[in-house]
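Visitor: attaching a predicted model along with its sequence, questions to come.
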Amino acid sequence: MEAILEMTIDPWDIVPIKNDTTKRILATLQSKEKLIMLRAPAGSGKTVTALAYALTQAMNGKRIAIFFRTVSQVNYALSILHDLIKKNEKSARRVRVIPTLGKVQYCIKPPREGQPFPRWCDYSKCDLRKMRSRNRLPDSFSSINEFIKECKARNECPYYRALLEASKADIVIATQAFVVNDNLFEKLEDLNEAIIDEAHGLLFLTFEIDHDTYNRGKKLSSTSISKLTISDAISLSKYEDYIRSDGEEVIFSDKRIKILPPIRLIKKRIRKLEKLILMSATIYPTNLFKLVFAKDINARIEVVPGLVRSNEKREIIGIAAKGLTSRHKERTPQTYDRYARIIRLLIRKYGEPALILAPSYEFAKEIAERLGIKVIRDPAEWNGKVVVSVLRGRLSEGIDIDLDEPLRLLIIAGLPYRPRTKEFISIAKIYANEYGIDFYSLARALEESDMVNTLIQALGRIGRKEKGVGIILDERIKTKKIGITVRTI
């Protein structure tokens, strides 16, 4: 690292959004506890404040990593951080930032057909594997594509160059795989601090493989990958990833899964860090996350009010129509008819484009048929002013919906409780044993947390560019204390 100026930098000076909420968020990030859990509403500025905090920590001599759930979020953070550095480049020493993704995301010589896989570089004997240029890269990049283009121009593998830089960068921007996977985390070397954004994504840490792939990979494990067909190489790669993953193994009739209680991961990571910060808009209920992530740890938990909230760009409403619910035993033709009828009325009132999200594909299909349209799963399939899709799908989280005009209406048709699958029951049993609490109480808390998280993620689709309305349509919404106005009809 280069010499640090005698003066230290106050992160408040470079926080781009200054208000009481971001001041409270920053104060929480600066606290001295080894483990910090922060819940702040979507749109409150927690991510940009965390990036400003990370930048000043790096300016003051700390090495810090920030982990995001999706590649698009890494790209967004990279852009914001690049702008912050440009605006404050005269304030202190130079800071080096590197975006770190997996082999699959960074592969620039993929198979002619199909997608790359973790062992593809070995299988294809890619000539970029051993090219490790030591020529200095730019200190920061405005996007992942800019970094990839730089590597291509140097005839270097983006993945291996990112790892080389990550071991000495001041700030690492990475996907959550780099905090979950022990081998990937070790490649980042000695970090002082780490921030995990959307930490609710670590509530269910599972790794799975079907029996055919497992047995095939096990059989091939003593064979050189270069001697395999590409299909066998993919099976071997999946088998090796599964074997290396941590957790309690459960075997079902069609697959095997490993379940990792989050507290095990957190304890491993804080042993090597001065500070670990978990951030999310959906650390809910708070007591559940305190148990799951901080059992027997002296942690600071800060909750900024407003789990779900309206603002100048979006109005969030709950509508409780008597007897109208997506509860499984109530899913009758009459229920679907009522949902479709009310949805039509809401579209007439609030306008188009409108996106309707349902708890399952079957539920979405029933509503779509009554509206005379098809269910879509991919944003590229968007056609028309009214679209029906599925909660937890690509249209409900993680992306901006790019239309000719901003989305004006989002309707969540039913509360998105997951079905009580054998996988979920196994997770609840292993967690109950790990944390020493009642299985049924824990299972209900996990269900409620997952449902609220899904609601919040979906409501993030509305009001991104211009004002819009988000509506949760289910009678049960009147019993949920999530901070929204509920209208009874």
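Guide: Done, it's in.

Visitor: low-confidence ranges, the stretch 101-250 of the chain, go.
Guide: Scanning the stretch 101-250 of the chain for pLDDT under 70 picks out 131-134.

Visitor: all strands of it, in order?
Guide: For the stretch 101-250 of the chain, the strands defined by DSSP state E, counting those that start in this stretch occupy 171-175, 193-196, 205-210, 248-251.

Visitor: try the stretch 251-400 of the chain
Guide: Under DSSP E, counting those that start in this stretch, the stretch 251-400 of the chain gives strands at 255-260, 275-280, 299-303, 314-320, 354-358, 386-390.

Visitor: mind putting those strands into a markdown table with distance to Phe141?
Guide: All C-beta spots, glycine's among them, are computed from the backbone N, C-alpha and C. Formatted as a markdown table, these follow (distance: least, C-beta to C-beta, whole Å):
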| stretch | distance to Phe141 |
| --- | --- |
| strand 255-260 | 32 |
| strand 275-280 | 23 |
| strand 299-303 | 31 |
| strand 314-320 | 31 |
| strand 354-358 | 33 |
| strand 386-390 | 33 |
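
Visitor: make JSON lines out of these and add distance to Leu35 and mean neighbour count.
Guide: Output for the strands of the stretch 251-400 of the chain, formatted as JSON lines (distance: least, C-beta to C-beta, whole Å; neighbours: other C-beta atoms under 10 Å):
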{"stretch": "strand 255-260", "distance to Leu35": "18", "mean neighbour count": "18"}
{"stretch": "strand 275-280", "distance to Leu35": "5", "mean neighbour count": "24"}
{"stretch": "strand 299-303", "distance to Leu35": "4", "mean neighbour count": "17"}
{"stretch": "strand 314-320", "distance to Leu35": "31", "mean neighbour count": "20"}
{"stretch": "strand 354-358", "distance to Leu35": "34", "mean neighbour count": "26"}
{"stretch": "strand 386-390", "distance to Leu35": "35", "mean neighbour count": "23"}
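
Visitor: in this structure Ile80 contacts Leu51, no?
Guide: Yes: counting by C-beta atoms under 8 Å, Leu51 is a contact partner of Ile80 at 5.4 Å.

Visitor: what about these two, which has more around it?
Guide: Leu51 (27 against 19; other C-beta atoms under 10 Å).

Visitor: now do the SS call for that one.
Guide: Secondary structure state of Leu51, per DSSP: H, G, I helix; E, B strand; the rest coil, is helix.

Visitor: against Glu248, how distant is it?
Guide: 36 Å (C-beta to C-beta, to the nearest Å).

Visitor: burial check on Ala432, number of neighbours?
Guide: 17.

Visitor: for Asp83, helix, strand, or coil?
Guide: helix.

Visitor: which ones are touching it?
Guide: Ser142 (C-beta atoms under 8 Å, 6 or more residues apart in numbering).

Visitor: give the contact list for Trp12.
Guide: Trp12 sits in contact with 18, 23, 26, where contact means C-beta under 8 Å, 6+ apart.

Visitor: surely it is in a helix?
Guide: Yes: under three-state DSSP, Trp12 sits within a helix.

Visitor: can you check the pLDDT for it?
Guide: Looking at Trp12, its pLDDT reads 94.

Visitor: and it, how close does it get to Glu240?
Guide: Counting by C-beta to C-beta - Trp12 and Glu240 are separated by 47 Å.

Visitor: next one: Thr47
Guide: With C-beta to C-beta as the criterion, Thr47 and Glu240 are 34 Å apart.

Visitor: of these two, who's got more company?
Guide: The neighbour comparison of Thr47 against Glu240 (other C-beta under 10 Å) goes to Thr47, with 23 against 16.

Visitor: check what pLDDT that one gets.
Guide: 95.

Visitor: what sits against the nearest residue to it once chain neighbours are set aside?
Guide: Sequence neighbours aside, Asp197 is the residue nearest to Thr47 in space, at 6.0 Å (criterion: C-beta to C-beta, 6 or more residues apart in numbering). For Asp197, the contact set (C-beta under 8 Å, 6+ apart) comprises 46-47, 50, 66-69, 73, 77, 279-280.

Visitor: how about those, which pair is most distant?
Guide: Pairwise distances among the contacts of Asp197 were taken by C-beta to C-beta; the largest, 15.1 Å, belongs to Ala77 and Ser280.

Visitor: what's the neighbour count on the closest residue to Arg370 other than its chain neighbours?
Guide: Among residues not flanking Arg370 along the chain, Ala340 sits closest, at 3.6 Å (C-beta to C-beta, 6+ apart). Other residues near Ala340 come to 19 when the count uses other C-beta under 10 Å.

Visitor: quick check: pLDDT value at Ala340.
Guide: pLDDT at Ala340 comes out at 98.

Visitor: hang on, it packs against Leu371?
Guide: Yes: counting by C-beta under 8 Å, Leu371 is a contact partner of Ala340 at 5.7 Å.

Visitor: state the distance from Ser449 to Leu307.
Guide: 11 Å.

Visitor: who's more crowded, those two?
Guide: Leu307 (23 against 20).

Visitor: the more buried one is in contact with Leu455, isn't it?
Guide: No: look at Leu307 against Leu455 with C-beta under 8 Å: they stay out of range, at 9.4 Å.

Visitor: if I look at those two, which residues touch both of them?
Guide: Joint contacts of Leu307 and Leu455 (C-beta under 8 Å, 6+ apart) are Ile482.

Visitor: wait, is Ile66 part of a strand?
Guide: Yes: Ile66 forms part of a strand when assessed by three-state DSSP.

Visitor: who are the neighbours in contact with it?
Guide: 50-51, 54, 77, 171-174, 194-197.

Visitor: same question for Ala443.
Guide: 420, 424-425, 428, 432.

Visitor: and the pLDDT at it?
Guide: pLDDT at Ala443 comes out at 96.

Visitor: start at 53 instead
Guide: From this message on, residue numbering opens at 53, which makes the last subject Ala495.

Visitor: and the helix or strand containing it, how far out from the chain's middle?
Guide: Using DSSP states H and E, Ala495 maps to helix 491-511. Here the centre of helix 491-511 is set off from its chain's centre by 16 Å, with C-alpha atoms, centre = their mean, to the nearest Å.

Visitor: just want the angle from the helix or strand just after it to strand 366-372.
Guide: Using DSSP H and E, the helix or strand that directly follows helix 491-511 along the chain is strand 520-525. In terms of direction (axes from the mean of the first three to the mean of the last three C-alpha atoms, to 10 degrees), strand 520-525 departs from strand 366-372 by 20 degrees.

Visitor: state the mean pLDDT of strand 520-525.
Guide: Rounded mean pLDDT across strand 520-525 is 96.

Visitor: got the CA coordinates for it in CSV?
Guide: Provided in CSV are the C-alpha atoms of strand 520-525 (Å, rounded to 0.1, in the frame of the first residue of the first chain):
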residue,chain,number,x,y,z
GLY,A,520,-45.8,4.0,-9.3
VAL,A,521,-48.1,2.1,-7.1
GLY,A,522,-47.5,-1.3,-5.4
ILE,A,523,-50.4,-3.3,-4.2
ILE,A,524,-50.5,-6.5,-2.0
LEU,A,525,-53.8,-8.2,-2.6
